[in-house]
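Peer 1: Got a predicted structure here, sequence first:
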Protein chains: 2
Amino acid sequence: MALINSRSLSVTGSRFRAVYHIRGDAQTAKMRAEDICIEETIEYPPELIPEGGIREHVFGRVEAFDQLATGEFRAVISYADEITGFELPQLLNVLFGNISMKPGIRLVAVDLSASLLAHFRGPRFGIRGLREILGIARRPLLCTATKPMGLAPAELAALAYQLALGGVDIIKDDHGLANQPFAPFTERVLRTCEAIQNANARTGGNTIYLPNVTGPLEIMLERIQFSRAAGAGGIMLIPGYCGVDFMRRVADDDSISLPIMSHPAFIGSYVLSAEFGISHRVLHGSLMRLAGADLTIFPNYVGRFSSYTRHDCREIAEGCTESMGNFPAIFPAPGGGISKDAFADMIQVYGRDVAFLMSSNLHRNSPDLATTVRSYRETLERISEYTHRH
Amino acid sequence: MALINSRSLSVTGSRFRAVYHIRGDAQTAKMRAEDICIEETIEYPPELIPEGGIREHVFGRVEAFDQLATGEFRAVISYADEITGFELPQLLNVLFGNISMKPGIRLVAVDLSASLLAHFRGPRFGIRGLREILGIARRPLLCTATKPMGLAPAELAALAYQLALGGVDIIKDDHGLANQPFAPFTERVLRTCEAIQNANARTGGNTIYLPNVTGPLEIMLERIQFSRAAGAGGIMLIPGYCGVDFMRRVADDDSISLPIMSHPAFIGSYVLSAEFGISHRVLHGSLMRLAGADLTIFPNYVGRFSSYTRHDCREIAEGCTESMGNFPAIFPAPGGGISKDAFADMIQVYGRDVAFLMSSNLHRNSPDLATTVRSYRETLERISEYTHRH
């Protein structure tokens, strides 16, 4: 093929790895593994590529291939750092681009080289940074949301006041609170910030508020800076809509410098089948961390999202905390079905470095939100102290 | 529940609709339909909401519920326009937010009210606008990509020259061409633009070039403006990474005003199971159109992406062209397995308003790319003329 020459490419030789689970009989699965090496890189008939630079450096490489079970295999594939251009969108594109459209392939783990990770800043705060801000040394964090959609800003703020009075650590907006005519973004953020400051002044506490920042991309940064100026202690972003690279961009921005909580709306479909998509560990753990989240929300293994198992949730916590260059570990933030009865078991699953996100159960049991929150927090402190000593 | 009052909400009463396919026995499916009405709106225990504004206006409403097959149901659910805040991210969040994490629910169609769509601009060019730019009245468009990754800018440009000489209508970058050290973005775009201009000058033709614009969000607009200044006739975006709302923002921008081709990398997992996710029609058709794409790439029903059926592809074409407020129809752009033999059948499936995206087959059959392209284009003109007359 005259059009493709065989010159040497200038590459360092440093490669990163991705692990895929592949369905099919041994022959099909092996073929699929080799197809990933092409589809995620040159996307071109490999037989037309001569010996030389492209074949040697640009093709993905199957580094390991093992059987896991009947009809299920595990392939470790490596890629040259350079093909990512050291930019997050193209890194994602190599890990899981066109193959997202092919059945039987699931991205289950990523192992990025230190030299590649050095191009990314990662989470700004992580577990350690957030614990410092909140003044909580050891116990799990208690988080909640103001809701429901339809309340006016003053009503949402009144809720936030009660929740902060009870000593909840983080109050975020429900992710459905956007910029509706009945609760415009700016008024909601101003009033909620003020309410929480008042409650903190009364209790001497340190509750922080994370507005849900969503909206047209043209004004996202403005809304973030508005939140910051109003006194928000962080922000929540929904990468399913604003894009993972927008989250990365916000995390990198020294003029913002706020903790980021990621919300999983819209992206759940990636994990729902074990036969394709992206694993819980990578989607909710590794990718959110790579894109700068300090806390990553996902459905808890108890509660109304029946689709996430105890094992899935444990794997997310591992994705949040396993070694990843110099990146700090981040908080898994399971939501749904959180109750006093579940705390002990959840600490078994997540450890103490976890942010519990609860709301329905607080409201169900609560003519007086502040008292309910206080009792939840005390339970958490007790259990946490106990598990620390034993 | 004292915290939630029952004041009236100020809403117009205009509502939009979404159609979901739901799995389960009749009782489970009905429960899931009712759950969608809550999960996608108030996300709060409905029993705690008193009569009044929120219950009446903010809750989703099951407008129709029918059985499709054993264990499969169809629910039409309506939502108040106002809960979207008239912003795209929150509109998506209502259509398929938290329920993306729940099994057995698939978003299969959207029917947005005229009053809601009036808040969005939609595709700037669409089929009619692109046909004007290209000077092609009736026949399908012929598109291709420069590849493989690993070539230097001069080599990519040399390919583009040959392809334009043959009279291909649209040349895009392969979606893996980002900003790699061996082919930096700016040099690649400059050289490719120049090559295509030279070819056009020689042939009197009108080939346009759509660079793949990817990269850190901080410099995406800069890269787009760079492309524009260099003479690119449009751009390709990958909403899976930059976010759908970024694409909408670019489409809305009068200072850019270029046709946009969307690439489906990373988002394929939404369609792969009929039991959950988003339908082909909505994902590749309606959503891309809502977010301003003029052409939407997806895997063709022939070729290496075996997962898309003839029926799926037909539905995407419908999503691209069915009535949607004042939005223009847009081009379905199937890629993969495109060959002379397949043209006639593909025109049956897509009609003549289609952009065929081919590359591997051009290169496989081609010591001389320009001649090969020319013969493909002539075949297309002949078949198209024939199907027009008969």
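Peer 2: Arrived safely.

Peer 1: what number of residues lie near the residue nearest to A:Asn198 when sequence neighbours are not counted?
Peer 2: Using Cβ to Cβ, 6 or more residues apart in numbering or on different chains and skipping the chain neighbours, the partner closest in space to A:Asn198 is A:Tyr161 (6.5 Å). Every residue, glycine included, has its C-beta placed from N, CA and C. The tally of other residues near A:Tyr161 (other Cβ atoms under 10 Å in any protein chain shown) stands at 23.

Peer 1: Might you report the residue contacts of A:Tyr161?
Peer 2: A:195-196, A:198-199 (Cβ atoms under 8 Å, 6 or more residues apart in numbering or on different chains).

Peer 1: swap the cut-off to 10 Å and go again
Peer 2: A:171, A:191-192, A:194-199, A:202, A:207, A:369-370 (Cβ atoms under 10 Å, 6 or more residues apart in numbering or on different chains).

Peer 1: Check A:Val282 too.
Peer 2: Contacts of A:Val282 (Cβ under 10 Å, 6+ apart): A:18-19, A:95-96, A:106-110, A:270-271, A:288-290, A:315-316, A:319.

Peer 1: What pLDDT is listed against the residue nearest to A:Asn198?
Peer 2: What the model reports as pLDDT for A:Tyr161 is 98.

Peer 1: List the buried residues in the helix or strand hosting it.
Peer 2: In the assignment (DSSP states H and E), A:Tyr161 maps to helix A:153-165. Along helix A:153-165, these residues count as buried under the neighbour rule (16 or more other Cβ atoms under 10 Å in any protein chain shown): A:153, A:155-165.

Peer 1: so which pair among the residues you listed is furthest apart in space?
Peer 2: A:Pro153 and A:Leu165 (18.4 Å; Cβ to Cβ).

Peer 1: so how far is the first residue of stretch A:267-286 from its last?
Peer 2: Terminal residues of stretch A:267-286 lie 14 Å apart, using Cα to Cα, to the nearest Å.

Peer 1: which parts of that stretch are buried?
Peer 2: Buried, per 16+ other Cβ under 10 Å, within stretch A:267-286: A:267-273, A:275-286.

Peer 1: In helices, which of those fall?
Peer 2: A:His280 (DSSP state H).

Peer 1: Okay, and which of the buried residues of stretch A:267-286 map to strands?
Peer 2: A:277-278 (DSSP state E).

Peer 1: Tell me the gap between the strand or helix carrying A:Asp35 and the middle of its chain.
Peer 2: Assigned by DSSP H and E, A:Asp35 belongs to helix A:26-39. Taking Cα atoms, centre = their mean, to the nearest Å, one finds the center of helix A:26-39 at 29 Å from the center of the full chain.

Peer 1: Report the mean confidence score over that helix.
Peer 2: Mean pLDDT, helix A:26-39: 97.

Peer 1: what about it and chain B, any contact?
Peer 2: Yes - contact of helix A:26-39 with chain B (Cβ under 10 Å from any Cβ of the partner chain) involves A:35, A:38-39.

Peer 1: tell me which residues of that helix are tucked away?
Peer 2: A:29-30, A:32-39.

Peer 1: Give the other helices and strands that it contacts.
Peer 2: Counting contacts by 3 or more Cβ pairs under 10 Å, 6 or more residues apart in numbering or on different chains; DSSP states H and E, helix A:26-39 packs against strand A:15-23, strand A:61-69, strand A:72-80, strand A:105-111.

Peer 1: For the third one, which helices and strands make contact with it?
Peer 2: In terms of contact count using 3+ Cβ pairs under 10 Å, 6+ apart, strand A:72-80 is assigned the packing partners strand A:15-23, helix A:26-39, strand A:61-69, helix A:88-96, strand A:105-111.

Peer 1: And those: which comes nearest A:Leu221?
Peer 2: Comparing those by Cβ to Cβ, helix A:88-96 comes nearest, at 17.7 Å.
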